[in-house]
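**Student:** Provide a 3D model corresponding to the input given below.
(chains A and B)
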Amino acid sequence: MNSVFRKAYFTLLSRSLNPNSASPFFLQALPFVVTSYTLRIPFSRPRSAQFLSLSVNSCSMAGGDGHAPLSSFLTSLDKQFEEFRTQLEESGSLRERIRGVAMEIESSTRLMQASLLLVHQSGPVPVEVLEKAKAQIDVLKDQYCRLAEVLHECPGQYYRYHGDWRSETQSVASLLAFMHWLETGNLLLHTEAEEKLGLNNLDFGLDIEDYLVGICFMSNEMPRYVVNRVTAGDYDCPRKVLKFLTDLHASFRMLNLRNDFLRKKFDGMKYDLRRVEEVYYDVKIRGLATNGESTGDQGVQA
Amino acid sequence: MFFYSCALHKISHMAPKPKPQLLHRIAGDSSQSSAKRARAMSTDSPMKEAFTKYADYLNNLNDKRERVVKASRDITMNSKKVIFQVHRISKYNRDEVLEKAEKDLAAVRDQFISRLINELRGSDFWKLRRAYSPGVQEYVEAATFFRFCKTGTLLNLDEINATLLPLNDPSLEPLKINVLDYILGLADLTGELMRLAIGRISDGELEFAEKICRFVRDIYRELTLIVPHMDDSSDMKTKMDTMLQSVMKIENACFSIHVRGSEYMPLLGSSEPSSFLLGVSDIEL
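**Tutor:** Model (predicted):
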């Protein structure tokens, strides 16, 4: 399954050779080694090895007549499970390290979120707010780099441990996208998000589904932002947000989703859209800048 | 190695397959959908372009997942057949039953597991593990069950993987059954062994039943040490409980034979073999 596994098995095997557990695997790990049965089988045909070892086994323990050498059977059994335990312990400690980094990511995300919450305060959004949040991006970049290093130890198992940093990554994606939108008014694309986090190599990237879930989270943030902007006197904001969310929702509708978490988040997006539409309606029907109280509460029943 | 990156490369030659019912449902969610859709389609924005890619990625992934699930279901179905075949064993027909089982097992490998491997080719095996795990577990169960009846030994994970190796494309990372699926398969194996043991007892093959009993006990003992280290140990814990039940059922049956069996010994294999079970009413077959 992986190199760690092979290595561990190999060391175990080389310590004591057990014919019951061994020959076919042996051929796979060490193609040209002659086992204790002196079976020399070309690498390309391990299935014949399987049959051979079958017949060897059935010779030694024929018919289940109770004379089977219990001790040797037990040690071969023990050995395999001992092996599994080492492997699973290794995988557990790897997981722990991943969790460690994921928790650091989580706390950077929290800092970022805390600074971004200031955009909801009344009055114009100061540039420092964004700058402060952006400072965390470098921290995150470093943390993802470390995560990639940890995962580099188990090539091909990205998705085995994916769950351990998934939800953290989804919030990272949502905050990055929100900041990007505040700055540029555009959607942060998947490749751009990867770039921001320094995830450009092929071995360790941002999962597209995580990215999309993050975008849905960002959309959840929009109604609140619009309401507070309007309260702060920015009457053009709903129009812009509505346009953006409408496009985003239309884009999401291009996706064929399964009945999973992403689908659920996407289904929630239309409520964000509706809420923004209501705010826009409220502002518009009052001739935009008539008075500063139209926060949109009246439109809830619409 | 990583599916999403591979998928992105493959996108160009995979036409997205629309799923009409799904589209319909989403369209039904919001009344203004068609107007909005038209607007979005007309603007050729980078957002739309990017989402076309995401849509292709998701379509590819979902189609692949579906195919993997189907392959997995076929593996399950046919592995079950092997298990049933092995259950037909008795002391008179042992060799022919096992011979057929071996053939069937090879057929499962050659037809269905190879299809699974083919589907998973070039992608991250862990990404779709949920989709194929049940089938693989069932195969492990069938293969280990067959092996036990044939030789009285436990088929190792490495041995199973070695038999799958020829099905793999040599230029790619071969599919190997992972430890977790193997262990989950073993946990199910004890249930089959319980049935087998009870069946053998009623046929008077006491030694075989005792051997099964020892074997199942060993597996249970080994697995107790493993369970806390497993990824999703809650699932495994329930399996462990069932496994203990199975062990105890075999033990109780052996006990009944031991205590009362001697009286019926002369009847062994004769007209009323079921009389051994009189004392073990709690056995479920």
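
**Student:** any weak-confidence spans in chain B?
**Tutor:** Residues of chain B meeting the criterion pLDDT under 70: B:1-44, B:261-285.

**Student:** ok, so what distance separates residue A:114 from residue A:272?
**Tutor:** The gap separating residue A:114 from residue A:272 is 22 Å, by Cβ to Cβ, to the nearest Å. For every residue, glycine as well, the C-beta is placed using N, CA and C.

**Student:** quick one: which of those two has more around it?
**Tutor:** residue A:272 (22 against 12; other Cβ atoms under 10 Å in any protein chain shown).

**Student:** the more buried one contacts residue A:215, correct?
**Tutor:** No - using Cβ atoms under 8 Å, residue A:272 is not in contact with residue A:215, being 11.4 Å away.

**Student:** helices of the stretch 51-200 of chain A, start to end?
**Tutor:** For the stretch 51-200 of chain A, the helices defined by DSSP state H, counting those that start in this stretch cover A:70-116, A:127-152, A:158-161, A:166-184, A:190-196.

**Student:** let's have those helices in a markdown table, adding distance to residue B:255 and mean pLDDT.
**Tutor:** Formatted as a markdown table, the helices of the stretch 51-200 of chain A follow (distance: least, Cβ to Cβ, whole Å; pLDDT from 0 to 100):
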| stretch | distance to residue B:255 | mean pLDDT |
| --- | --- | --- |
| helix A:70-116 | 20 | 87 |
| helix A:127-152 | 51 | 89 |
| helix A:158-161 | 43 | 88 |
| helix A:166-184 | 49 | 94 |
| helix A:190-196 | 63 | 92 |
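
**Student:** which strands or helices does the host helix or strand of residue B:61 pack on?
**Tutor:** Under the criterion of DSSP states H and E, residue B:61 resides in helix B:46-87. Applying 3 or more Cβ pairs under 8 Å, 6 or more residues apart in numbering or on different chains; DSSP states H and E, one finds that helix B:46-87 makes contact with helix A:190-196, helix A:208-231, helix A:237-252, helix B:3-10, helix B:94-107, helix B:114-120, helix B:129-151, helix B:179-202.

**Student:** kindly reformat the ones you listed as a markdown table containing distance to residue B:252.
**Tutor:** Converted to a markdown table, those look like this (distance: least, Cβ to Cβ, whole Å):
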| stretch | distance to residue B:252 |
| --- | --- |
| helix A:190-196 | 59 |
| helix A:208-231 | 49 |
| helix A:237-252 | 58 |
| helix B:3-10 | 48 |
| helix B:94-107 | 26 |
| helix B:114-120 | 39 |
| helix B:129-151 | 21 |
| helix B:179-202 | 10 |
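
**Student:** and of these, who's closest to residue B:227?
**Tutor:** Closest of the helices and strands packed on helix B:46-87 to residue B:227 is helix B:179-202, at 8.5 Å (criterion: Cβ to Cβ).

**Student:** angle of whichever helix or strand comes after the closest one against helix B:94-107?
**Tutor:** Going down the chain from helix B:179-202, the next helix or strand is helix B:206-226, by DSSP H and E. Calculated by axes from the mean of the first three to the mean of the last three Cα atoms, to 10 degrees, helix B:206-226 forms an angle of 30 degrees with helix B:94-107.

**Student:** and the contacts of helix B:206-226?
**Tutor:** For helix B:206-226, the surrounding residues in contact (Cβ atoms under 8 Å, 6 or more residues apart in numbering or on different chains) are A:64-66, A:68, A:70, A:74, A:77-78, A:81, A:84-85, A:88, B:91, B:148, B:152, B:154, B:183, B:186-187, B:189-190, B:193-194, B:196-198, B:200-201, B:240, B:243-244, B:246-247, B:250-251, B:253-254, B:257, B:261.

**Student:** and it with helix A:70-116, angle?
**Tutor:** 30 degrees.

**Student:** helices or strands next to the helix or strand following helix B:206-226 in the packing?
**Tutor:** Scanning forward in sequence from helix B:206-226 by DSSP H and E, the next helix or strand is helix B:233-256. Counting contacts by 3+ Cβ pairs under 8 Å, 6+ apart, helix B:233-256 packs against helix B:179-202, helix B:206-226.

**Student:** which single residue in the stretch 151-300 of chain A comes nearest to chain B?
**Tutor:** Here the stretch 151-300 of chain A gets closest to chain B at one residue, residue A:250, 3.2 Å apart by Cβ to the nearest Cβ.

**Student:** just give me the neighbour total for that residue.
**Tutor:** Counted with other Cβ under 10 Å, the burial measure for residue A:250 works out to 22 neighbours.

**Student:** can you check the pLDDT for it?
**Tutor:** Looking at residue A:250, its pLDDT stands at 94.

**Student:** distance of it from residue A:187?
**Tutor:** In terms of Cβ to Cβ, residue A:250 sits 12 Å off from residue A:187.

**Student:** re the thing from before, do you know how far the residue of the stretch 151-300 of chain A closest to chain B is from residue A:276?
**Tutor:** Separation of residue A:250 from residue A:276 (Cβ to Cβ): 14 Å.

**Student:** cool, and residue B:88?
**Tutor:** As for residue B:88, its distance to residue A:276 is 67 Å (criterion: Cβ to Cβ).

**Student:** again with residue B:252
**Tutor:** Remark: distance between residue B:252 and residue A:276 (Cβ to Cβ) = 67 Å.

**Student:** again with residue B:111
**Tutor:** Residue B:111 sits at a distance of 54 Å from residue A:276 (criterion: Cβ to Cβ).

**Student:** more neighbours: which of those two?
**Tutor:** For residue B:111 versus residue A:276, neighbours defined as other Cβ under 10 Å are more numerous around residue A:276 (27 against 13).

**Student:** contact partners for the more buried one?
**Tutor:** Neighbours of residue A:276 in contact, by Cβ under 8 Å, 6+ apart: A:222-223, A:226, A:238, A:241-242, A:245.

**Student:** got the domain boundaries for chain B?
**Tutor:** The record's domain parsing of chain B by the TED database lists B:63-176, B:178-262.

**Student:** starting at the chain centroid, how far to the helix holding residue B:61?
**Tutor:** Helix B:46-87 has its C-alpha centroid displaced from the chain centroid by 15 Å (Cα atoms, centre = their mean, to the nearest Å).

**Student:** what angle separates it from helix A:237-252?
**Tutor:** Using the same axes, to 10 degrees: helix B:46-87 against helix A:237-252 is 40 degrees.

**Student:** between helix A:208-231 and helix B:46-87, find me the angle.
**Tutor:** Calculated by the same axes, to 10 degrees, helix B:46-87 forms an angle of 140 degrees with helix A:208-231.

**Student:** get me the contact residues on the stretch 101-250 of chain A for chain B.
**Tutor:** A:155-160, A:162, A:186-187, A:189-191, A:202-203, A:205, A:207-209, A:212, A:246-250 (Cβ under 8 Å from any Cβ of the partner chain).

**Student:** which residue is the nearest non-sequential neighbour of residue 175?
**Tutor:** Unless you meant another one, I'm taking chain A. residue A:112 (5.2 Å; Cβ to Cβ, 6 or more residues apart in numbering or on different chains).

**Student:** wrong one, I was asking about chain B
**Tutor:** Residue B:175 sits nearest to residue B:117 (Cβ to Cβ, 6+ apart), 4.8 Å away.

**Student:** kindly report the same for residue B:144.
**Tutor:** residue B:155 (4.6 Å).

**Student:** contacting residues for the one you found?
**Tutor:** By Cβ under 8 Å, 6+ apart, the residues touching residue B:155 are B:143-144, B:146-148.

**Student:** tell me which two in those residues are the farthest apart.
**Tutor:** That would be B:143 and B:148, which, of the contacts of residue B:155, are the farthest apart (Cβ to Cβ) at 9.8 Å.

**Student:** okay, now residue A:233: neighbour count?
**Tutor:** 12.

**Student:** what about it? Give its phi and psi, please.
**Tutor:** Backbone torsions for residue A:233, taken as degrees, to the nearest 10, come to phi 100, psi 10.
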